[in-house]
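Engineer: sharing a model prediction with you, sequence too.
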Amino acid sequence: MSAGLFITFEGIDGAGKSSHIDTLAQAFRAAGRLVTLTREPGGTPLAEKLRQLLLHDAMDALTEVLLVFAARRDHLRTVIEPALARGAVVLCDRFTDATFAYQGAGRGFDLGVLSQLEQLVQYIQGPEADFMRNPDMTLWFDVAPHIAAERLAAARAPDRFEAEPLAFFTRVAAGYADRARQAPARFARIDAAHPPAQVAAQVLAEVAARGWLPAARDSAA
Ligand SMILES: Nc1ncnc2c1ncn2[C@@H]1O[C@H](COP(=O)(O)OP(=O)(O)O)[C@@H](O)[C@H]1O
Ligand SMILES: Cc1cn([C@H]2C[C@H](O)[C@@H](COP(=O)(O)OP(=O)(O)O)O2)c(=O)[nH]c1=O
C-alpha cells in the first residue's frame, strides 16, 4: 500500500485554488491512487458548522483563530489522519498557512500564539511516537490581489473575508510569501495570473517534479 500524501492548496480568495483541485484529483485517480478531497475550514460535519459561523458571523481575531483551529483539530482526527493511514492522497483546499496569512498577516494576530496552536492542534499520537502533521506539499496560487478581486467581483456574493478591502488581501498575500520563505521545500509557487489551462499545467508539473505523478507527455507548461 502506498504511503499517504498530504497536499494543500493555498492562496488569497480568487487565486484559482478551487478551480484546480479537481484536476489534480483526477490525475491521481488516473494514476491508481485513492484520493480524499477536502477543505478548510470544514471537511467534517462539526467543522462545516464552524465554517458557517466563520464566514458569516461577526467575531474578533482571537475568536476566528480558536474556531479555525477547533475545526482543524476535528478535521485532522476524523478525516485527514484516517485517509493518510489508508494510503490516500489527501488534497485539502486550505490549511494552517491560511491561518497565518489571514489571521496573522491579515488581522495582525500574534504569530507566536499561532505557532503554539499549530503545534498543539497538529501533534498526532502515532503508533510508535508522536509527530507534527504538516502538508507534504503546499501549492501556493500566487496572484496580485487586484486580479483576484476582479475575478471574484464577477463570480459570487462575498463572504465576510471576501468583503475585506484590497489592503487586507495585500497583507494576506504577504503573509503567504512569508510562510513560503520559511518552508521552501514544502511550498511550490504557482503563478496563478495565467489562464486556467496554464495554471493547471503548472500544478501537474510541480507534483510530477516530486515524483508523485508521471510527467506530462508534452513538457509545454
Ligand atoms: N486562471 C484564471 N484566470 C481567470 N479566471 C480564473 C482563473 N482561475 C479561476 N478563475 C475564476 O476566478 C473565480 C475564483 O476562482 P476559484 O477557483 O473559486 O478561486 P479560489 O478557490 O482561490 O477562491 C472563479 O470565477 C473562476 O472561474
Ligand atoms: C482555513 C482558513 C480559512 N480562512 C478564510 C479564508 C477564506 O476567505 C475563507 C474560506 O473560504 P474559501 O476557502 O475561499 O472558500 P470559498 O472558495 O467557498 O470562498 O476562510 C481563514 O481566515 N483562516 C483559515 O485558517
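Structural biologist: That came through, no problem. Numbering: from 1, shown residues only. Ligands and ions are numbered 1, 2, ... in the order given.

Engineer: for the residue most central in space within the chain, what are its contacts?
Structural biologist: In the chain, the C-alpha nearest the mean C-alpha coordinate belongs to Arg94, at 2.2 Å (C-alpha atoms, centre = their mean). Shown in contact with Arg94 (C-beta atoms under 8 Å, 6 or more residues apart in numbering): 8-10, 17, 39-41. The C-beta positions use only the backbone N, C-alpha and C, and glycine is treated the same way.

Engineer: now a ChimeraX select for only the buried ones of these.
Structural biologist: The ChimeraX command for the buried members of the contacts of Arg94 (criterion: 16 or more other C-beta atoms under 10 Å) is given here:
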select :8,9,10,17,39,40,41
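
Engineer: keep only those of the contacts of Arg94 that are in strands.
Structural biologist: Those of the contacts of Arg94 mapping onto strands are 8-10, 39, per DSSP state E.

Engineer: what about stretch 13-20, how long is it end to end?
Structural biologist: 14 Å (C-alpha to C-alpha, to the nearest Å).

Engineer: show residues contacting it.
Structural biologist: Here stretch 13-20 has contacts from 9-11, 93-94, 139, 141-143, 147-152, 155, 161-162, 169, 192, 196, 199-200, 203, using C-beta under 8 Å, 6+ apart.

Engineer: and ligand 2, which of those residues contact it?
Structural biologist: 93-94, 161 (C-beta under 6 Å from any ligand atom).

Engineer: pull out the buried residues from the contacts of stretch 13-20.
Structural biologist: Applying 16+ other C-beta under 10 Å to those flags 9-11, 93-94, 139, 141-143, 148-149, 151-152, 161-162, 169, 192, 199-200, 203 as buried.

Engineer: nearest to ligand 1, of the ones next to ligand 2 among the contacts of stretch 13-20?
Structural biologist: Asp93 (6.7 Å; C-beta to the nearest ligand atom).

Engineer: so for the contacts of Arg94, which is the shakiest by pLDDT?
Structural biologist: In this model, the minimum pLDDT among the contacts of Arg94 belongs to Lys17 (95).

Engineer: could you find the closest non-adjacent residue to that residue?
Structural biologist: Phe9 (4.1 Å; C-beta to C-beta, 6 or more residues apart in numbering).

Engineer: kindly report the same for Gln119.
Structural biologist: Met132 (6.8 Å).

Engineer: what residues does the protein put near ligand 1?
Structural biologist: Near ligand 1, when you scan the chain using C-beta under 6 Å from any ligand atom, you find 11, 13-19, 141, 151, 155, 195-196, 199.
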